[in-house]
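Asks: Here is a sequence with its predicted model. Questions after.
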Amino acid sequence: MKKYESIPIILIFIAEVLLFSGYKTGSVAVHSLNILFIIAIVILKKDIKLVQALSLVSLFRIINTSMPVFFSFTIYWFASLYGIMFFSIALIIKDQGLRPADLGLTLKGSWLWPFAVLLGAGLALIEYRVLMPGALIPGFTAIEILKLGLIMFFFVGLVEELIFRSMVQQGLEEKIGLTNGLLVASLIFGLMHSGYSNYYEILFASFAGLVLGFCFQRTRSLPFVVIAHAANNIILFGVLPFLKNL
């Protein structure tokens, strides 16, 4: 990995430590600096695949931090945030000439998808013990679960897995190898949960990133990890909070 490709990772780490410590403005400032640095690299360098992917991480955090100013924190907030990210992802995909197969958008291994649901459910049971979150939906009804499921699959799961597995992880794998790429991508994924200000959540998210990243390495199937990710969030925020009251 070239030195200029390491700097965005370091800046992301610093920004997330600041956010974890309660310095939201400082975190946004460092993420903004990271995007400016990446813009300079894109202008000056030819090998830009990895830094473009890392720019999505900082952009995601900046939008994530500012969105509550404009929207109430509901499942529709997720749709707004992740919907915006689609535009940036699409531009990078076009600029790099990535094909669906390059991103893992394939039906290969579709027989494994039911196991992805089980994997997501298992991760949700662990994460619930860490966070004990409230429900993101007003009631435990079929229509509310369906709405939550659509947003968690087509917005949250799809966008995060495109960024962290299809783009960041694969970019790191090309630079520092499969194992190191998986580890660094998992750590970045974990750090991006620093907004909870919970050490255990960062550790869990890093572990979950390691599991999902390993599955992606073995299958190169984006649908598999999106399904697992979405199943985790649906159960975590739409099922378990209601079961505790039964």
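Replies: Looks like it arrived, so ask away.
Asks: Contacts only, for Val211.
Replies: Residues in contact with Val211, defined by CB atoms under 8 Å, 6 or more residues apart in numbering, are Leu119, Leu123. Quick note: C-beta positions are derived from backbone N, CA and C, even for glycine.
Asks: how far out from the middle of the chain is the strand or helix carrying it?
Replies: Using DSSP states H and E, Val211 maps to helix 199-219. With CA atoms, centre = their mean, to the nearest Å as the basis, helix 199-219 stands 11 Å off its chain's centre.
Asks: Beyond that helix, next helix or strand please.
Replies: Sequence order places helix 222-238 as the next helix or strand after helix 199-219, per DSSP H and E.
Asks: ok, which stretches of the protein are helices?
Replies: 3-20, 24-44, 49-66, 75-96, 100-103, 113-131, 142-151, 158-161, 170-176, 178-191, 199-219, 222-238, 240-243 (DSSP state H).
Asks: can you put these in JSON lines and add mean pLDDT?
Replies: Below are these laid out as JSON lines (pLDDT from 0 to 100):
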{"stretch": "helix 3-20", "mean pLDDT": "95"}
{"stretch": "helix 24-44", "mean pLDDT": "94"}
{"stretch": "helix 49-66", "mean pLDDT": "92"}
{"stretch": "helix 75-96", "mean pLDDT": "90"}
{"stretch": "helix 100-103", "mean pLDDT": "96"}
{"stretch": "helix 113-131", "mean pLDDT": "97"}
{"stretch": "helix 142-151", "mean pLDDT": "95"}
{"stretch": "helix 158-161", "mean pLDDT": "97"}
{"stretch": "helix 170-176", "mean pLDDT": "96"}
{"stretch": "helix 178-191", "mean pLDDT": "97"}
{"stretch": "helix 199-219", "mean pLDDT": "97"}
{"stretch": "helix 222-238", "mean pLDDT": "97"}
{"stretch": "helix 240-243", "mean pLDDT": "93"}
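Asks: what's the closest non-adjacent residue to Asp95?
Replies: Nearest residue to Asp95 in three dimensions, chain neighbours excluded: Gln52, at 7.2 Å (CB to CB, 6 or more residues apart in numbering).
Asks: who's in contact with that neighbour?
Replies: Taking CB under 8 Å, 6+ apart, one finds Ile38, Val42, Ile92, Asp95, Gln96, Met167 in contact with Gln52.
Asks: Next: Leu125.
Replies: Neighbouring residues of Leu125 by CB under 8 Å, 6+ apart: Ile235, Leu240.
Asks: how much space between the residue nearest to the spatial centre of the chain and Leu222?
Replies: With distances taken as CA atoms, centre = their mean, Glu160 lies nearest the centre of the chain, 3.2 Å away. To Leu222, Glu160 is 11 Å away according to CB to CB, to the nearest Å.
Asks: just Leu182 next, same as before
Replies: Distance from Leu182 to Leu222, by CB to CB: 16 Å.
Asks: for Phe154, same thing?
Replies: With CB to CB as the criterion, Phe154 and Leu222 are 13 Å apart.
Asks: What of Ile62?
Replies: In terms of CB to CB, Ile62 sits 25 Å off from Leu222.
Asks: okay, the two: which has more neighbours?
Replies: Neighbours were tallied for Ile62 and for Leu222 using other CB atoms under 10 Å; the higher tally belongs to Leu222 (21 against 17).
Asks: What residue, apart from its backbone neighbours, is nearest that one spatially?
Replies: Leu222 sits nearest to Gly104 (CB to CB, 6+ apart), 3.4 Å away.
Asks: isn't that neighbour right up against Ser166?
Replies: Yes - if you go by CB atoms under 8 Å, Gly104 and Ser166 touch, sitting 5.5 Å apart.
Asks: quick one: which of those two has more around it?
Replies: Ser166 (24 against 21).
Asks: how many neighbours does the nearest residue to the more buried one once chain neighbours are set aside have?
Replies: Excluding its sequence neighbours, the residue lying closest to Ser166 (CB to CB, 6+ apart) is Leu103, at 4.2 Å. For Leu103, the neighbour count with other CB under 10 Å is 18.
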